[in-house]
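Show me how the following folds:
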Amino acid sequence: MAEEDKKKKKKRPTAEKRVIQDQKKQQKNRIFKSKIRTTLRSFNDNLKEKDQEVLTKDLNSIYAMVDKAVKRNIYQANKAKRIKSRHAKQMQKVLSS
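Numbers count the residues shown, from 1 in each chain. The predicted structure follows:
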């Protein structure tokens, strides 16, 4: 009987549980935002090379990651549209010149 009591999870107040859940969500969001920023940096570095295939691939990955961020409520829809638009314009500007 004493062993059963030790195996049970400790009952927490609801507020404490919410704090723990929020910390976990915050950590996941921080990691995902970091991945997006890394992808954006690699795109900006590849702009200097002017290789259309690499830029197209990077732009597609930016679109995918930003759309996932909107789906997960990490970014708002307008911010995602702004990021996608700016990077598409940058690509067009580099490739046209």
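
Can you list the low-confidence ranges for this protein?
Residues of the chain meeting the criterion pLDDT under 70: 1-6.

ok, which stretches of it are helices?
2-7, 14-47, 52-71, 77-96 (DSSP state H).

ranking these by burial, who's on top?
helix 52-71 (a mean of 15; mean count of other CB atoms under 10 Å). Glycine gets a C-beta too; all of them are placed from N, C-alpha and C.

what angle sits between it and helix 14-47?
In terms of direction (axes from the mean of the first three to the mean of the last three CA atoms, to 10 degrees), helix 52-71 departs from helix 14-47 by 160 degrees.

Next, the angle helix 77-96 makes with helix 52-71.
Going by the same axes, to 10 degrees, helix 52-71 makes 180 degrees with helix 77-96.

From the chain's centroid, how far away is helix 52-71?
11 Å (CA atoms, centre = their mean, to the nearest Å).

what residues does that helix touch?
32-33, 35-36, 39-40, 42-43, 46-47, 75-77, 80, 83-84, 87-88, 91, 94-95 (CB atoms under 8 Å, 6 or more residues apart in numbering).

My read is that residue 29 contacts residue 74, right?
Yes. Assessed by CB atoms under 8 Å, residue 29 is found in contact with residue 74 at 5.1 Å.

Report the set of residues contacting both of the two.
Contact criterion CB under 8 Å, 6+ apart; residues shared by residue 29 and residue 74: none found.

and residue 13, what are its phi and psi?
Here is the backbone geometry of residue 13 (degrees, to the nearest 10): phi -70, psi 150.
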